[in-house]
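Asker: Take this sequence and fold it.
(2 chains)
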Protein chains: 2
Amino acid sequence: MPIAQAPVRDIRFVINDLLNMEQHMAGLDHAMPLDAETMSEIVEQSARFLYETCAPLNRNADEQGCRYENGQVTTPDGFKALYQAYCENGWCSLDADEEFGGQGLPYLAHVVIGELNSYFSPAWSNYPGLTHGVREMLDHFGTDDLKSRYMPQLVSGQWAGTMCLTEPHCGTDLGMLTTSATPADDGSYSVTGTKIFITSGEHDLTDNIVHMVLARADGAVEGVKGISLFLVPKRLSDENSELGDSNHVSCASIEHKMGLNGSVTCVMNFDGATGWLVGTLHDGLKAMFTMMNSARLNTGIQGMAASQAAYDGALVYARERLQSRSISGAKYPDKAADPILVHADVRRMLLTQRVIAEGCRAMAYLTAMHIENAKFASDAGRRERSQLVGEFLTPIAKAFMTETAMETTDYGIQIFGGHGYIREHGMEQWHRDAKIFTLYEGTTGIQALDLVGRKMMHNQRGTLGPLGEDIQAWIEANPNARYTEALNSHIELWTTLSSEIAGRAAKAPDDLGAASVDFLMLSGYVVLAWLWARMDDVASRGEGDHGAVFYSAKQKSARFYFEKILPRCDSLAATIRTGSGALMAFEDEEF
Amino acid sequence: MPIAQAPVRDIRFVINDLLNMEQHMAGLDHAMPLDAETMSEIVEQSARFLYETCAPLNRNADEQGCRYENGQVTTPDGFKALYQAYCENGWCSLDADEEFGGQGLPYLAHVVIGELNSYFSPAWSNYPGLTHGVREMLDHFGTDDLKSRYMPQLVSGQWAGTMCLTEPHCGTDLGMLTTSATPADDGSYSVTGTKIFITSGEHDLTDNIVHMVLARADGAVEGVKGISLFLVPKRLSDENSELGDSNHVSCASIEHKMGLNGSVTCVMNFDGATGWLVGTLHDGLKAMFTMMNSARLNTGIQGMAASQAAYDGALVYARERLQSRSISGAKYPDKAADPILVHADVRRMLLTQRVIAEGCRAMAYLTAMHIENAKFASDAGRRERSQLVGEFLTPIAKAFMTETAMETTDYGIQIFGGHGYIREHGMEQWHRDAKIFTLYEGTTGIQALDLVGRKMMHNQRGTLGPLGEDIQAWIEANPNARYTEALNSHIELWTTLSSEIAGRAAKAPDDLGAASVDFLMLSGYVVLAWLWARMDDVASRGEGDHGAVFYSAKQKSARFYFEKILPRCDSLAATIRTGSGALMAFEDEEF
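Answerer: Sure thing, here's the model as predicted:
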């Protein structure tokens, strides 16, 4: 696959022109606000760095994969040097506190580099990505002692991090986990158990790895209320973070997967390993879920980046590949055939990829803005409101952006025809890599239950909450925007469906589950409709520095979205309304 | 993945109970008619043979793949022994003429074994599958001399066959092909050129391989009207089919693919190779397209078999995997958690796989029946009618059954959660294998253009033709069948859309292309609605020997289809109606 330049212009358009991040960042009280120009500089510099150093490694990372020998894992060629350069350039510490050696920039700066990492190599992106999550957790729940011993190394990237949740018999259902933690006299714990599917559990990029492990402390009750969180390092260190003995943590094997082969997935054994409690005893899930929103958004962004990469790759091919004539007459009569870009069905696939990628980017940054506001907005009312919106958007962003990536990366193959199936062209890798995004950090089904059960029914009492209000307010404030009619009717549909579902939930709880994924996808399409209407509106004014072709294409993309993608809501609404009867009628033996 | 027994009961239900194949076969004049009992015997025996010999090879075939060294290809372990046993058991010669050593059975017997081959190992299924296509072509267009020299070996499986169409610069657009054929004095031709994507182009299963090669004979005009078909063997043979010298045919390399790794895909060089004309000079595409309907149906069946396999695999896991409690209260309180089969969203995925697989099976056998009738029905009117129906159904069956396989095999992974992404469970292999089905034998886009352009607009003058009449007639003859209302309204929608598209085609030819894939998919959903209404009707009478649970499940599946799948037509209709404006508005530089 040809390596495309990153979508720098589109990122800048969303951040500056659409969402006015300068204003957003000025309202935060934790970080140095960034002006639009500095933000653009970060986007451009990081894109250039990754284009040169990371992109060329992505194909080999898939072919070579990670290699396991005697408990040691070797990452693909080039990843170690890339990791060093990445850390030295400070890309891993953008939004970390200056107290620990970070640069004190807003979370959004990290989100941008997360997208770019994943755009150039999703497998690579997991190495810095996981460490960021560990840092967040430790920052919020760690004792001062733990922070001082671990944060500087995690911020500099000298040490890496992991999350250890899943066990062989429990993934979604964490209440079943059996890894144990026994207190020692010195305040530490002895942690024993086996964890599976541990991303970056063992590798050669750093000389220490900090595992965040869910375990059941002695005397804990059964179920999720007896789970605590422990920091368990691969190697022990003294108070000056000088490395000492190995801890009793070992990598038993690595998985052979469908894709994302450059990102190692480990079975980890903790065999009386020394660990320290993070957060409150028996309340470990709270700490884990605190960083879940950003972890889930990050996975959604991996999907969005894959959609963008699949579009960019397919577009190059669609311009170059000459095959057949346009159905409405030759467009390039001097060539042996027309480029396949002329064919309506090829355009249908390309534009679907494009409006999904660009719409999801807007959704991703909007969600990130609310996640950041919820924690750091100076204004308390804004924090509270963004908490609800961010929580509501997160499962939508995670599941919608990854499920649609399965479609867009499939089109990436399809546009290449038979050549798309051949590994060397790189298009099929995007599809294989993307599949894990719908699974890890909670499957699509789990996101959907989180949306309809916890977020909509519980937190927002069966309504669309402040996000719905934001959309209504925008429509009222922009009566002359295009697509207002379609947007209005879909908001009405969405509102009606949410109250229908809420109304049925008490009588027929399975209706919630039956409707959940369709409702989540419909929510995604409606949110994207709002964002496309806004992007159309901004583009129609053409006030930025992106040029006439950019703004014209943006408006045509909005039209495509409303005519060709948004109607998917019709079918989703119809299936939501048929309830759970057809599903639950089956007796076990009838399957 | 657990190896499931083949869907023998469901195949028998479709053949005997739904489509009454006994009656169909009695109306043919080319083959020994099969009674229902013998047909069932063939299904059961072949399923047992393949379950024991073929199924255990499928995982390794993916991991080991085919190996290339110095022009030689080694197939995965066990394939050679399987191939010998398969041929010795006569499974490759079921529908071949007795004159050439075949068993003289109807085409349907071959279709059944095609499904079962693909169910147990799609990669394996290509080896016997391609040879069958070559046999068909030779049977219809070969000279008596060629037939006598090649047919017996192809029928016995002693020699294998390939189709050589694609070249590096031309796939869909065969008019651009440049492989040349120069006549020699003895009536043979000297064939020179490079062909790519040649399935089974070289392997170790047989001691000769018969290539059917499209090439341009000296003096041919440009474009598709200058293409001829040649039989070019790997090794030359005398009139008694005794093998002699190697021909100038070589395998230059093999492709490394996303999946279907057990099926070898070759770059073939023909370097002044000796070949013989098959069919009329410069009219080679006619010969090639004669077997295209069955080749395309065969690919569709590969998709349908993958859907069935993905369902069967996922169902085993959904019964075994304990995780969380049912949203409507614990269903198995004595277990640590409920099996995931209780969750509505898991059921949604499983039942989608199931109604797609079973509906597609009915579509596949219906199409096969018409393809066979078109050639061999005793009655001329029946031949003519089935020719139209078979031609109309073929692109739908090919594209619909393979596109839906991408969804069902994706669900196969999704139901397994993270475990679905791990290669050893085998679910992700189905998805990787299935992707080629939407590409080879003509991409989905090509099938869709064939449907709306050639079949609907040209052959049937913008109507749904005799298939539409058949459905109408069934509705009228079964006024008390369930789902008649939904079926009627969808037939009306389908008819209206087809005349709308036909009406716009002259003024806006790109509208045809813009609507094509959505229209094809909608056609598939409507045909499946008809077949599900019929299956429901048959099952509600419960007259066969499949047992009460089978018939009850069949009726519940029909309900699921009408409530949860058929509404997809709403969105497809909406996008079809927006035409091509949103697609064609983009200037090249706006992409």
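
Asker: three-state assignment of the nearest residue to residue A:178 once chain neighbours are set aside?
Answerer: Sequence neighbours aside, residue A:193 is the residue nearest to residue A:178 in space, at 6.2 Å (criterion: C-beta to C-beta, 6 or more residues apart in numbering or on different chains). Glycine gets a C-beta too; all of them are placed from N, C-alpha and C. Secondary structure assignment for residue A:193 (DSSP: H, G, I helix; E, B strand; the rest coil): strand.

Asker: Mind jotting down where the helices sit in the stretch 251-400 of chain A?
Answerer: A:284-290, A:292-320, A:344-376, A:380-415 (DSSP state H, counting those that start in this stretch).

Asker: any chance of those in a markdown table, plus distance to residue B:348, mean pLDDT and mean neighbour count?
Answerer: As requested, these are exported to a markdown table (distance: least, C-beta to C-beta, whole Å; pLDDT from 0 to 100; neighbours: other C-beta atoms under 10 Å in any protein chain shown):
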| stretch | distance to residue B:348 | mean pLDDT | mean neighbour count |
| --- | --- | --- | --- |
| helix A:284-290 | 26 | 89 | 20 |
| helix A:292-320 | 21 | 96 | 26 |
| helix A:344-376 | 22 | 97 | 25 |
| helix A:380-415 | 14 | 97 | 24 |
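
Asker: Now do the strands in chain A.
Answerer: Remark: strands of chain A, listed N- to C-terminal, are A:67-69, A:72-74, A:160-164, A:180-183, A:189-199, A:209-217, A:228-233, A:235-237, A:243-246, A:249-254, A:265-278; assignment by DSSP state E.

Asker: List the residues that contact the closest residue to residue A:559 other than its chain neighbours.
Answerer: When the adjacent residues along the chain are set aside, residue A:559 lies closest to residue B:582, with 5.0 Å between them (C-beta to C-beta, 6+ apart). Applying C-beta atoms under 8 Å, 6 or more residues apart in numbering or on different chains, one finds that residue B:582 lies in contact with A:351, A:556, A:559-560, A:563-564.

Asker: tell me the pLDDT at residue B:582?
Answerer: In this model, residue B:582 is scored at 98, pLDDT.

Asker: which stretch among the helices of the stretch 251-400 of chain A comes nearest chain B?
Answerer: Closest approach to chain B among the helices of the stretch 251-400 of chain A is made by helix A:344-376 (3.3 Å; C-beta to the nearest C-beta).

Asker: count of residues packed around residue A:329?
Answerer: Residue A:329: 10 surrounding residues under other C-beta atoms under 10 Å in any protein chain shown.

Asker: what about the residue of the stretch 51-200 of chain A at minimum distance from chain B, neighbour count?
Answerer: With C-beta to the nearest C-beta, the shortest gap between the stretch 51-200 of chain A and chain B falls at residue A:173, namely 4.5 Å. A count of neighbours around residue A:173, defined by other C-beta under 10 Å, yields 19.

Asker: ditto for the one 5 residues further on
Answerer: A count of nearby residues for residue A:178, using other C-beta under 10 Å, gives 13.

Asker: and what of residue A:57?
Answerer: Residues contacting residue A:57 under the criterion other C-beta under 10 Å number 22.

Asker: now residue A:35: how far from chain B?
Answerer: Computed with C-beta to the nearest C-beta, to the nearest Å, the distance linking residue A:35 and chain B is 30 Å.

Asker: if we can go back for a sec, filter the contacts of residue B:582 down to the ones in helices?
Answerer: With helices identified by DSSP state H, the entries of these that belong to them are A:351, A:556, A:559-560.

Asker: got a list of contacts for stretch A:67-84?
Answerer: Judged by C-beta under 8 Å, 6+ apart, the contacts made with stretch A:67-84 from elsewhere in the structure are A:53-54, A:56-57, A:60-61, A:64-66, A:123-124, A:127-128, A:157, A:202-206, A:250-254, A:261-262, A:264, A:266.
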